[in-house]
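> please work out how this folds:
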Amino acid sequence: MEHEPFRFYDNRQKYLLFVTTCDEKWVVAQRVKREIEHLRPVPPSLGVFDAGMGDGTVLSHVLRNLHAKFLTVPFYVVGKEISLEDVRMSLDKMADRLFEHPQMVIVVTNLMYREAPWLTLDSGDPAQINWHEVALKGSTASEFARGIRDVYPILADGWKVRNSTKSTNLVYERPSVLVLYRSDQRFAVDPIIPKCGEPVRPYDLTIVSQPYQARASAEFKAHRVLAPLTRALAPRGRLILVQSYGNDPGLEIINNVWPDESPFQHGRHSLIDLIKRELGTEARQFEFHADPEDKYLFRYHMQVLPTEILNTIGTSTLLAAWNAATYVAQIEDYRLMEAISQGTYLDATSEVLHKHGGMWFNDESFVIVREDD
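Numbers count the residues shown, from 1 in each chain. Sure thing, here's the model as predicted:
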């Protein structure tokens, strides 16, 4: 039987349940915080690129940490996101950031990974880009939030998507860029406001958290995502990648149902080798850090009260754990339906939760640093 192409990132319900029951976003932000200590921005701004904003939780936490470290440095922040709902959720979190850190320019775009850092198209024709610049009026977070809400019609028009003819991914129907800043800071941030068709500064910090489907080929990950983002680093700029690692209770649940399932095929070392090959002689301009293991592997948890695990585990807890495990492993919907119809999936989940007294997942990371000119 033929099945529809699996588009993992389309399922909002699974995503939102995972985000609200697991603390991965916060833990990833804490991992990124370690890299902030090494940043050495130069005028006129500190550049941040988020290669997949999601709901904006990681970015908002990172911006808080950057503000604490660089209180008076202007920020130039670019976020790539193809999902209209995620863009809305992310921008809802930016009103408070603009209030606390006034000298900040926030850019969101639906361009591809190889285009987004430079806010330009492969074709080189800037006239094709749906480009909007909005100066938010007011001086309070409430006023900025209202101004952000007012740009939603722009988002609805610019973030239409279609199925890619080459993969199961969604791609933009109309390439779009939205630039936001505080109108009362226009003079101060003028040097860092990007202009359509003009060169864009490289980035001091690039966050690449779960940017692709786990089962995508390693060549795709290196060629289409990681090498282009590496090239966009400024001197002394740092790229941190985070991806699922496995070897945890979540994968144990998966293997209880599908014994041969092995979703995380491309570890950090193999990806680094492919990125170096993709960069060619350019690779000499970068340092690659992935060891020791205890520094680059970390754990996040599903948030469960201890009393929920001690005796009989409630159905809602089991369903949340099952959702988290299958979301992280990116199991296709038709396989989920088959497992659910057999009725043993909750028993498999309960067994693992009792065994470990809870639920956690392992992520791995690596860091790429461009050498100082």
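> could you list the low-pLDDT ranges of this structure?
For the chain, residues meeting the criterion pLDDT under 70 lie at 1-10, 165-168, 310-311.
> try 90 this time
1-13, 16, 123-125, 157, 160-171, 213-215, 304-316, 342-344, 373 (pLDDT under 90).
> now do the helices in the stretch 101-250 of the chain.
Along the stretch 101-250 of the chain, counting by DSSP state H, counting those that start in this stretch, helices occupy 141-150, 152-158, 186-189, 218-220, 227-231, 249-257.
> outside of the second one, which residues touch it?
Meaning helix 152-158. Applying C-beta atoms under 8 Å, 6 or more residues apart in numbering, the external contacts of helix 152-158 come out as Leu84, Val87, Arg88, Asn110, Asn130, His132, Val134, Arg174, Ser176, Leu178. All C-beta atoms are positioned from the backbone trio N, CA, C, and that covers glycine.
> give me the buried subset of those residues.
Neighbour counting over these (16 or more other C-beta atoms under 10 Å) leaves Leu84, Val87, Arg88, Asn110, Asn130, His132, Val134, Ser176, Leu178 as the buried ones.
> now those residues as TSV including distance to Val189?
As requested, the buried ones among the contacts of helix 152-158 are exported to TSV (distance: C-beta to C-beta, whole Å):
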residue	distance to Val189
Leu84	26
Val87	21
Arg88	23
Asn110	23
Asn130	22
His132	16
Val134	13
Ser176	21
Leu178	15
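> so which of those residues would you say is closest to Thr315?
Proximity of those to Thr315 (C-beta to C-beta) peaks at Arg88, which lies at 31.5 Å.
> which helix is the longest one in the chain?
In the chain, taking DSSP state H as the definition, the longest helix is helix 315-329.
> buried set for it?
Result for helix 315-329 [16+ other C-beta under 10 Å]: buried residues Thr317, Leu318, Ala320, Ala321, Trp322, Asn323, Ala324, Ala325, Thr326, Tyr327, Val328, Ala329.
> what's the answer for stretch 68-75, then?
Under the neighbour-count criterion of 16+ other C-beta under 10 Å, stretch 68-75 has Phe70, Val73, Pro74, Phe75 buried.
> next, the angle from the next helix or strand after the longest helix of the chain to helix 315-329.
For helix 315-329, the following helix or strand on the C-terminal side (DSSP states H and E) is helix 333-342. Angle between the axes of helix 333-342 and helix 315-329 is 150 degrees (criterion: axes from the mean of the first three to the mean of the last three C-alpha atoms, to 10 degrees).
> which SSE is immediately downstream of helix 333-342?
Defined by DSSP H and E, the subsequent element after helix 333-342 is helix 345-356.
> hmm, back to that, what's the closest of the contacts of helix 152-158 to Glu37?
Checking the contacts of helix 152-158 against Glu37 with C-beta to C-beta, the nearest one is Val87 at 29.7 Å.
> okay, and that closest one sits in which element?
In this structure, Val87 sits in helix 84-92 according to DSSP H and E.
> about what we covered before: could I get the helices of the stretch 101-250 of the chain as JSON lines with distance to Ile275 and mean neighbour count?
Shown next, in JSON lines, are the helices of the stretch 101-250 of the chain (distance: least, C-beta to C-beta, whole Å; neighbours: other C-beta atoms under 10 Å):
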{"stretch": "helix 141-150", "distance to Ile275": "36", "mean neighbour count": "16"}
{"stretch": "helix 152-158", "distance to Ile275": "31", "mean neighbour count": "15"}
{"stretch": "helix 186-189", "distance to Ile275": "33", "mean neighbour count": "13"}
{"stretch": "helix 218-220", "distance to Ile275": "10", "mean neighbour count": "15"}
{"stretch": "helix 227-231", "distance to Ile275": "6", "mean neighbour count": "22"}
{"stretch": "helix 249-257", "distance to Ile275": "25", "mean neighbour count": "21"}
